[in-house]
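Chemist: Curious how this folds, go ahead:
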Amino acid sequence: MYLHAIILRRELFPAKGGYPFSLPAYQGVEEIPLTSSVTFFIGENGSGKSTLLEAVAYQCGFHTAGGSRNNLYHVDRAEAALGDYVRLSWRPKVTNGFFLRAESFYQFASHIDEVEKDYPTGYRSYGGRSLHEQSHGESFFSLFAHRFRGKGIYLLDEPEAALSPMRQIAFLYLMQELVEEGAQFLIATHSPILMGFPGARILSFDTSPLTEVRYEETEHYQLTRRFLENPRAFWDI
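Modeler: The predicted structure follows:
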């Protein structure tokens, strides 16, 4: 592990509050310890999990629309509203890593095409061909399998967006290999499959303040299990 804590600099929060500073998950929180090589941020849309992940990416020097420290390209609304109000505690600090933001992945793929024109590598880090020439799911998995290396920090915002259930399970195996090589993951997700990664820490942003929850206690697990056991019950209301 490299990143040991995320510190919210609440003393710098604007006095007038507003989004995202007034989000319930952030209230009463000054430091978020990271005690596992894999940490999941979970919660409903708008709960603040992606906002915090963007702030971590900003502090890591990654492009907040997606990429590493070396990816420079323009995207509208690639902001990190909480970026200047977060401090990271490293032991030691690493600069290798990547920020995946599912909603702006198309723009990242276009950026890679432009880079390839000037510095041809045969798309070595992306499966040997343009990400635009692969299906959505294939392009995500090519990124994970070829671009990610151990001894780095990987920030993923809803990586399941393009992955089938089978691909999500394959990604769990890939994550395990990367963790064994020294990778650390922070992942914002809605996927009960990904949350099942052994030994992962799960932080719920649906509570105030955010708290750690067990896998079986998450609504994602409980609701999915109830549905799979008796889907008709959800219609017989």
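Chemist: so after the least confident helix or strand in the chain by mean pLDDT, what's the next helix or strand?
Modeler: Across the helices and strands of the chain, the lowest-confidence element by mean pLDDT, DSSP states H and E is helix 105-118, at a mean of 82. Moving toward the C-terminus from helix 105-118, the first helix or strand encountered (DSSP states H and E) is helix 136-142.
Chemist: In its sheet, which strands sit next to the helix or strand just after that next one, and in what direction?
Modeler: Beyond helix 136-142 in the direction of the C-terminus, DSSP H and E gives the next helix or strand as strand 153-157. Partner strands for strand 153-157, per DSSP bridges, with pairing direction: strand 97-101 (parallel), strand 184-188 (parallel).
Chemist: Show me what the helix or strand following the last one is packed against.
Modeler: Yep, that's strand 184-188 we're talking about. Secondary structure here is assigned by DSSP H and E; on that basis, the next helix or strand after strand 184-188 toward the C-terminus is strand 201-204. Other helices and strands packing on strand 201-204, by 3 or more CB pairs under 8 Å, 6 or more residues apart in numbering; DSSP states H and E, are strand 38-42, strand 211-213. Using the backbone N, CA and C atoms, a C-beta is placed for each residue, glycine as well.
Chemist: Need the winner for burial among these.
Modeler: Ranked by mean neighbour count under mean count of other CB atoms under 10 Å, these are led by strand 38-42, which reaches a mean of 25.
Chemist: and it, how far out from the chain's middle?
Modeler: Using CA atoms, centre = their mean, to the nearest Å, we find the averaged C-alpha position of strand 38-42 to lie 8 Å away from the chain's own average C-alpha position.
Chemist: how big is the angle separating that strand from strand 153-157?
Modeler: Between strand 38-42 and strand 153-157, the angle formed by their directions is 20 degrees, by axes from the mean of the first three to the mean of the last three CA atoms, to 10 degrees.
Chemist: Same list, the strands paired with strand 153-157, but as a markdown table with mean pLDDT and mean neighbour count please.
Modeler: As requested, the strands paired with strand 153-157 are arranged in a markdown table below (pLDDT from 0 to 100; neighbours: other CB atoms under 10 Å):
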| stretch | mean pLDDT | mean neighbour count |
| --- | --- | --- |
| strand 97-101 | 91 | 26 |
| strand 184-188 | 97 | 25 |
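Chemist: of all these, which lies closest to Ile6?
Modeler: Proximity to Ile6 (CB to CB) singles out strand 184-188 among the strands paired with strand 153-157, at 8.7 Å.
Chemist: export the closest one as CSV, just CAs?
Modeler: Only the C-alpha atoms of strand 184-188 are listed here, as CSV (Å, rounded to 0.1, in the frame of the first residue of the first chain):
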residue,chain,number,x,y,z
GLN,A,184,-3.5,-0.4,-4.9
PHE,A,185,-7.1,0.2,-6.0
LEU,A,186,-9.7,2.8,-5.0
ILE,A,187,-12.9,2.0,-6.8
ALA,A,188,-16.3,3.7,-6.9
